[in-house]
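Colleague: No letters, just coordinates:
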């Protein structure tokens with residue numbers, strides 16, 4: 001689809017003022033019909049109604065919408081319940097008030113992701129289902145303007161407001177697509193009247209995000225004061241785990257993070273948002289330092305921190321929650337907006353295109369609670385992380401059971417990637433931020449002239465990205481292109497002719513010219529193969545934005561689990577039926593020269609049938625096998641890398657079912673060099689991503 005269909009939006013009463021929102025969001029300086037505060041924006045978000053996805057991006061948004069995106073409320077608790085639409089009981093095993101907020105949290109994740117997916121696709125069926133709880137909540141404010149479940153309304157319970165922070169993101173997405181100010185007024189009334197503390201309990205402070213969203217749209221300075229007061233009170237809490245380990249002295253000293261991954265991701269972004277509305281540099285300094293603590297210690301090869309549930313080491317078997325894929329990338333989006341620095345888009349891209357696709361079944365009928373670089377099997381007993389339950393690495397509609405956060409949160413990953421593909425740039429221009437096939441249509445320039453840009457590309461499976469301009473009359477505006485850190489020699493063609501690409505600033509190259517209807521720009525981002533080193537002597541291979549892995553052929557079996565899955569959407573066991581125990585065999589220091597990149601024609605589904613692959617030399621390690629639970633030999637786990645670990649690294653992840661020492665496996669002298677085919681990490685369900693080094697495996 002090359003043009004956004006606005007007719008269906010106009011036919012629905014939901015969309016009263018799309019043009020108003022777009023005029024406000026496309027440029028920080030745009031005029032609106034209400035008084036908006038000045039906001040510092042390196043890049044500004046655009047509404048879901050401005051973007052139309054195409055190609056592989058539309059294919060996977062449609063898979064999501066047609067499978068679990070629509071059906072999760074039919075398949076599993078707590079999604080079956082009418083949470084946020086009038087149901088006030090907690091349906092899991094326990095009914096204590098101190099746990100009653102869980103169901104609203106988990107349903108809110110799905111609501112936010114499903115709503116954004118529906119808006120991007122103009123999917124009326126999914127939109128109707130996702131809208132029900134939003135419309136109900138907005139139409140039923142309680143006394144004093146309180147919005148949300150009565151079960152956690154004052155004076156009940158402990159005033160948990162984390163579910164509200166998630167749910168209000170869906171409210172914001174809908175209101176911004178409509179250009180509707182009223183939801184912001186309702187949120188203002190809610191926050192100003194609420195008796196809850198927004199410094200505690202856990203994650204209440206994350207409501208700063210929605211407070212400031214409402215402040216921008218209502219101009220009510222009391223919301224800004226409430227947000228700053230909440231942050232300052234939060235920082236004065238005792239330095240315990242509940243606070244997310246954001247004590248100023250620990251952030252300043254770049255101390256290791258002792259926190260739950262989601263909690264830290266969601267709270268550490270808040271000062272970046274405060275910076276945008278206050279201009280106080282100390283907020284941004286704090287946010288960047290808080291992120292550095294993660295980036296310098298905990299990043300796995302697929303772009304997401306090691307978080308099982310707390311931050312851990314970075315071995316081949318360290319894992320992350322699927323929640324962390326959604327929440328870290330969401331938070332990096334706020335760093336991107338505040339700084340205008342493309343490095344945050346690089347991080348979002350790496351995480352979504354590798355870890356994100358690697359944690360879902362490609363038919364969108366199952367997701368993982370925990371996923372990791374090396375997962376040689378994924379069954380209902382195969383999770384080696386002892387604090388999570390043994391089923392959490394299986395692909396399931398709801399892989400957490402009663403703790404259903406990942407089942408809901410998975411639905412936010414791809415819609416949020418799509419919504420940050422294009423952003424408003426500086427001086428009223430546009431920035432191409434995350435690449436993929438799509439069309440954007442926004443008003444630009446002093447006369448707010450509608451400009452449509454069609455982006456035709458097979459990226460990340462191809463280096464070329466083509467942009468075609470459509471505008472009624474010539475229009476001058478700046479157009480920025482993100483130049484990823486991994487790309488050394490980008491090139492640009494305008495109307496087929498090479499032009500000098502300006503030097504990148506903060507990861508973006510900007511051209512300023514008068515564009516006419518039919519003008520084309522072709523950005524070429526040459527990709528190269530890179531080898532990276534990991535703990536325990538491991539080696540990984542990347543090409544462009546994609547991490548590559550050995551795909552292991554799966555033998556699938558399925559079973560429905562009472563309350564959590566059904567016969568149509570079962571829980572899956574995936575067992576390996578092809579060889580995987582290989583060490584990379586290339587001369588030390590020359591690994592990249594030994595790996596060959598191959599590209600074929602684009603396929604109908606590149607995440608199932610990849611058009612790109614790498615050929616790598618390997619030697620077989622017969623002794624490297626699945627390992628058994630010491631307490632039950634019938635239970636098998638993915639093994640650590642063979643051989644002694646590299647000096648100074650943790651041998652196995654913390655909270656592991658296995659003994660501390662990995663098995664020693666020696667390379668047999670007679671092993672011949674073979675060639676294996678690697679595919680993008682996101683194309684796999686079972687995989688080996690971190691390989692032993694054949695030069696060390698026998699040591």
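Modeller: Nice, I can see it. Because the structure is predicted, anything quoted here is derived from the model rather than measured.

Colleague: Would you mark the buried spots in stretch 215-233?
Modeller: Buried residues in stretch 215-233, counted by 16 or more other C-beta atoms under 10 Å: 215-220, 223-224, 226-228, 230-231. The way it works is simple: take the backbone N, C-alpha and C, and place the C-beta from them, glycine included.

Colleague: Which member of these is positioned nearest residue 193?
Modeller: Using C-beta to C-beta, residue 226 comes nearest to residue 193 of these, at 11.0 Å.

Colleague: pretty sure the closest one is touching residue 193, no?
Modeller: No - taking contacts as C-beta atoms under 8 Å, residue 226 lies outside contact range of residue 193: 11.0 Å.

Colleague: Run through the helices of the stretch 1-150 of the chain in chain order.
Modeller: For the stretch 1-150 of the chain, applying DSSP state H, counting those that start in this stretch gives helices covering 7-11, 18-25, 55-66, 68-75, 102-121, 124-139.

Colleague: list the helices and strands the fourth one packs on?
Modeller: Put plainly, it is helix 68-75. Counting contacts by 3 or more C-beta pairs under 8 Å, 6 or more residues apart in numbering; DSSP states H and E, helix 68-75 is packed against helix 102-121, helix 124-139, helix 405-409.

Colleague: how does it look with 7 Å?
Modeller: Contacts defined by 3 or more C-beta pairs under 7 Å, 6 or more residues apart in numbering; DSSP states H and E place helix 68-75 against helix 102-121, helix 124-139.

Colleague: what sits up against the shortest one?
Modeller: For helix 124-139, contacts defined as C-beta atoms under 7 Å, 6 or more residues apart in numbering pick out 65, 69-70, 73, 83-86, 111, 114-115, 117-119, 147-148, 170-171, 174, 183, 186.

Colleague: what is the mean pLDDT for that helix?
Modeller: Averaged across helix 124-139, pLDDT comes to 97.

Colleague: So for the following helix or strand past it, mean pLDDT?
Modeller: The helix or strand immediately downstream of helix 124-139 is helix 162-178, counting by DSSP states H and E. Averaging pLDDT along helix 162-178 gives 97.

Colleague: now swap in stretch 317-330 and tell me
Modeller: 97.

Colleague: Run the chain-centre distance for that stretch.
Modeller: Stretch 317-330 sits 8 Å away from the centroid of its parent chain (C-alpha atoms, centre = their mean, to the nearest Å).

Colleague: Enumerate residues external to stretch 293-311 that contact any of its residues.
Modeller: Applying C-beta under 7 Å, 6+ apart, the contact partners of stretch 293-311 are 251, 254-257, 259-261, 312-314, 318-321, 324-325, 328, 347, 350-351, 354-355, 358, 370, 373, 385, 387-388, 532, 534, 540, 547, 653, 655, 681, 689-690.

Colleague: could you say what helices and strands the helix or strand containing residue 226 packs with?
Modeller: Of the helices and strands defined by DSSP H and E, residue 226 is found in helix 221-235. The contact analysis (3+ C-beta pairs under 7 Å, 6+ apart) places helix 221-235 against helix 182-193, helix 208-218, helix 270-278.

Colleague: can you give me the angle the second one makes with helix 221-235?
Modeller: Here helix 208-218 runs at 170 degrees with respect to helix 221-235, directions being taken by axes from the mean of the first three to the mean of the last three C-alpha atoms, to 10 degrees.

Colleague: cool, and the last one?
Modeller: Orientation of helix 270-278 against helix 221-235 (the same axes, to 10 degrees) gives an angle of 150 degrees.

Colleague: Mind listing what's buried along stretch 118-132?
Modeller: The neighbour-count check on stretch 118-132 (16+ other C-beta under 10 Å) flags 118, 119, 120, 121, 122, 123, 126, 127, 129, 130, 131, 132 as buried.

Colleague: Tell me the buried residues in stretch 623-636?
Modeller: 624, 627, 629, 635, 636.

Colleague: any low-confidence regions in this structure?
Modeller: 1-36, 88-100, 154-158, 239-243, 644-654, 659-664, 667-670, 697-699 (pLDDT under 70).

Colleague: can you rerun that using 50?
Modeller: 1-34, 91-98, 241, 651, 699 (pLDDT under 50).

Colleague: Please parse it into its domains.
Modeller: 1-24+48-196, 423-457+464-524, 529-688 (automatic domain parsing).

Colleague: Distance to residue 165 for the buried residues of stretch 118-132 - can I get that in JSON lines?
Modeller: Formatted as JSON lines, the buried residues of stretch 118-132 follow (distance: C-beta to C-beta, whole Å):
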{"residue": "118", "distance to residue 165": "21"}
{"residue": "119", "distance to residue 165": "20"}
{"residue": "120", "distance to residue 165": "22"}
{"residue": "121", "distance to residue 165": "25"}
{"residue": "122", "distance to residue 165": "27"}
{"residue": "123", "distance to residue 165": "25"}
{"residue": "126", "distance to residue 165": "23"}
{"residue": "127", "distance to residue 165": "23"}
{"residue": "129", "distance to residue 165": "22"}
{"residue": "130", "distance to residue 165": "18"}
{"residue": "131", "distance to residue 165": "20"}
{"residue": "132", "distance to residue 165": "20"}
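
Colleague: gap between residue 263 and residue 330?
Modeller: Using C-beta to C-beta, to the nearest Å, residue 263 is found at 14 Å from residue 330.

Colleague: circling back to that earlier point, so how do I select the buried members of the contacts of helix 124-139 in ChimeraX?
Modeller: This is how ChimeraX selects the buried members of the contacts of helix 124-139, with burial counted by 16+ other C-beta under 10 Å:
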select :65,69,70,73,83,84,85,111,114,115,117,118,119,147,148,170,171,174,183,186
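
Colleague: what's around the nearest residue to residue 417 once chain neighbours are set aside, how many residues?
Modeller: Counting by C-beta to C-beta, 6 or more residues apart in numbering, residue 417 lies nearest to residue 352, which is 4.5 Å off, once chain neighbours are set aside. For residue 352, the neighbour count with other C-beta atoms under 10 Å is 24.

Colleague: Please name the residues that touch residue 352.
Modeller: 329, 413, 414, 417.

Colleague: list the contacts for residue 331?
Modeller: 265, 266, 268, 269.

Colleague: The second one: which element?
Modeller: For residue 266, the enclosing helix or strand under DSSP H and E is helix 261-268.
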